[in-house]
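Asker: Next come a sequence and a model predicted from it.
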Amino acid sequence: MNHTPLPSRRGLRRGLTLTELALSIGVVGLILLAGQSAVTLAGATAARSAKGGTAAAACAAASQRMTDELSTALSITSATATSVTFTVPDRTGDNSPDTVTYSWSGTVGDPLMRSLNGGPPTPILGGVRSLAFSYSTATKRLASGRTTSAETLLASNPAPSTTNTKQVQSGKIYGLVLRPIVPADAESWNVTRVRLKMRSKSAGGQTEVQLRRVASSRPASATLDSSPVADTALSAAYDWKDCTFTNANGLTPGESIAVVLNWVAGSNACEVEFQDSGTCPPGDALYESSDLGGNWVRQNGQTLVYEVYGTVARPATAQAGSVYTGVRVRAVAADSREIAADIPLVNQPVVP
């Protein structure tokens with residue numbers, strides 16, 4: 001009888017005990033948990049990196065925008081620690097400077113705002129924790145430019161010893177050439193008002209008091225400005241009549257001007273008082289025309305009773321003044337990202 005031999009104990013593969021199996025499962029669980037934690041940590045790190053990159057980019061964009069605009073400021077109209085308002089060359093295509101304001105409320109977390117020409121502000125950087133504008137100034141000799149005087153008397157003949165009357169008619173008008181006295185350093189002068197002694201003559205009379213340049217010592221044909229005078233604006237007795245002007249500007253020192261009484265309507269537009277003898281003011285010359293200014297004939301020894309007022313432009317006295325030379329911006333935004341910009345001002349606006 002044959003017997004199949006049993007395998008030896010050494011040849012048998014021993015299975016895991018319950019304890020060993022439990023330990024194995026625990027080790028595998030720990031490995032899986034560690035892997036999951038590593039993946040989660042990597043994801044969080046990537047998210048923080050992306051968020052930090054976004055915050056850094058926002059700070060860089062805001063800093064560059066403020067630098068680009070502030071560096072070209074033409075004037076600074078308001079300068080505080082949390083806001084700055086200034087003008088810049090045209091940004092909107094209307095050929096006029098534009099006004100820009102950067103401001104922060106001072107409340108942690110509020111955004112840095114920008115507005116254009118007083119429009120609604122828009123945020124350019126969110127989550128601001130702190131912000132401060134500071135300003136560098138310097139003293140320099142400012143450009144002198146020019147100043148324009150208040151209205152002043154330029155020429156007059158208000159009370160001659162002997163006077164008479166002239167009638168302004170369709171066949172007889174008058175032009176007074178005169179030379180105002182202006183300061184020696186005057187750059188130009190303007191006529192703002194002429195006063196004449198006038199009175200009404202007939203109903204429906206209409207006179208136009210004109211200012212003209214002078215050509216060949218006589219009133220030129222072109223009119224610089226005019227002021228209408230109706231007979232209803234005049235009384236029956238001689239009185240001063242003020243005629244105002246706005247367009248007789250930029251006249252040259254030493255240049256003469258012509259005051260012309262031009263007929264418009266009525267058989268006699270008006271009557272005007274004049275000096276008929278004696279010494280006339282230097283430079284005065286009264287002319288008469290019977291063809292509405294086509295030809296002028298001088299009336300020797302005569303001039304009108306008048307006053308001429310105007311303004312004079314003179315060089316301004318150069319003075320020392322303060323100018324802005326730079327703006328420093330320091331800010332801390334989200335994720336502790338910072339703005340640190342020192343912006344030189346090319347145009348060095350004058351400090352108000």
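Answerer: Okay, I see it.
Asker: Skipping adjacent residues, who's closest to residue 230 in space?
Answerer: residue 206 (5.6 Å; Cβ to Cβ, 6 or more residues apart in numbering). Bear in mind the C-beta positions are built from the backbone N, C-alpha and C, glycine included.
Asker: tell me the pLDDT at that neighbour?
Answerer: Per-residue confidence (pLDDT) for residue 206: 97.
Asker: quick one: contacts for it?
Answerer: 228, 229, 230, 231, 264, 265, 266, 269 (Cβ atoms under 8 Å, 6 or more residues apart in numbering).
Asker: can you tell me which two in these are farthest apart?
Answerer: 228 and 266 (12.6 Å; Cβ to Cβ).
Asker: Pull out the buried members of the contacts of residue 206.
Answerer: For those, a burial check counting by 16 or more other Cβ atoms under 10 Å picks out 229, 230, 231, 266, 269.
Asker: mind checking how far the last one is from residue 216?
Answerer: Put plainly, it is residue 269. 26 Å (Cβ to Cβ, to the nearest Å).
Asker: The second one too?
Answerer: Residue 230 sits 32 Å away from residue 216 when distances are taken as Cβ to Cβ.
Asker: again with the fourth one
Answerer: If you measure residue 266 against residue 216 using Cβ to Cβ, the figure is 31 Å.
Asker: can you count the residues close to residue 62?
Answerer: Residue 62: 24 surrounding residues under other Cβ atoms under 10 Å.
Asker: Kindly apply the preceding question to residue 245 instead.
Answerer: Residue 245: 21 neighbours (other Cβ under 10 Å).
Asker: pretty sure it contacts residue 225?
Answerer: Yes: counting by Cβ atoms under 8 Å, residue 245 does reach residue 225; the two are 4.3 Å apart.
Asker: Who is residue 101 paired with across the strands?
Answerer: residue 85, residue 115 (DSSP bridges).
Asker: dump the residue contacts of it.
Answerer: Counted by Cβ under 8 Å, 6+ apart, residue 101 has contacts 78, 83, 84, 85, 86, 113, 114, 115, 121.
Asker: Adding pLDDT, write those out as CSV.
Answerer: Converted to CSV, those look like this (pLDDT from 0 to 100):
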residue, pLDDT
78, 97
83, 98
84, 98
85, 98
86, 98
113, 97
114, 97
115, 97
121, 97
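Asker: Pull up the gap between residue 263 and residue 201, please.
Answerer: Residue 263 is 11 Å from residue 201, by Cβ to Cβ.
Asker: Same check on residue 181?
Answerer: 33 Å.
Asker: So for these two, which sits in the more crowded spot?
Answerer: residue 201 (21 against 15).
Asker: Phi first, then psi, for that one.
Answerer: Backbone torsions of residue 201, given as degrees, to the nearest 10, read phi -130, psi -50.
Asker: got a list of what it touches?
Answerer: 167, 231, 266, 268, 269, 270, 271.
Asker: which element is residue 225 on?
Answerer: Residue 225 belongs to strand 218-230 when assigned by DSSP states H and E.
Asker: for that strand, packing partners?
Answerer: Counting contacts by 3 or more Cβ pairs under 8 Å, 6 or more residues apart in numbering; DSSP states H and E, strand 218-230 is packed against strand 173-178, strand 188-199, strand 206-215, strand 239-251, strand 257-265.
Asker: Try it again at 7 Å.
Answerer: Using 3 or more Cβ pairs under 7 Å, 6 or more residues apart in numbering; DSSP states H and E as the contact criterion, the elements in contact with strand 218-230 are strand 173-178, strand 206-215, strand 239-251.
Asker: Just say which of these is most tucked in.
Answerer: strand 173-178 (a mean of 24; mean count of other Cβ atoms under 10 Å).
Asker: residues in contact with that one?
Answerer: Here strand 173-178 makes contact (Cβ atoms under 7 Å, 6 or more residues apart in numbering) with 155, 166, 168, 214, 217-219, 256-263, 283-289, 292-293, 296, 303-304, 306, 308.
Asker: Stretch 69-82 now?
Answerer: By Cβ under 7 Å, 6+ apart, stretch 69-82 touches 84-89, 97, 100, 103-104, 106, 131-133, 135, 324, 327, 343-347, 349, 352.
Asker: change it to 6 Å
Answerer: In this structure, residues lying in contact with stretch 69-82 by Cβ atoms under 6 Å, 6 or more residues apart in numbering are 85-88, 97, 100, 104, 106, 132-133, 135, 324, 327, 343, 345-347, 349.
Asker: Now do the buried residues in that stretch.
Answerer: 69, 70, 73, 75, 76, 79.
Asker: Quick one: end-to-end length of it, please.
Answerer: End-to-end distance of stretch 69-82 (Cα to Cα, to the nearest Å): 17 Å.
Asker: now stretch 332-348
Answerer: 27 Å.
Asker: Chain neighbours aside, what residue packs nearest to residue 237?
Answerer: residue 199 (6.0 Å).
Asker: What are the boundaries of the helices in the stretch 1-150 of the chain?
Answerer: 18-70 (DSSP state H, counting those that start in this stretch).
Asker: where does it have low pLDDT?
Answerer: Across the stretch 1-150 of the chain, residues meeting the criterion (pLDDT under 70) sit at 1-16, 20-22, 24, 26-30, 32-53, 143.
Asker: Could you rerun that using 50?
Answerer: In the predicted model of the stretch 1-150 of the chain, residues 42, 44-52 satisfy pLDDT under 50.
Asker: State the distance from the nearest residue to residue 241 once chain neighbours are set aside to residue 268.
Answerer: Excluding its sequence neighbours, the residue lying closest to residue 241 (Cβ to Cβ, 6+ apart) is residue 198, at 4.4 Å. Using Cβ to Cβ, residue 198 is found at 12 Å from residue 268.
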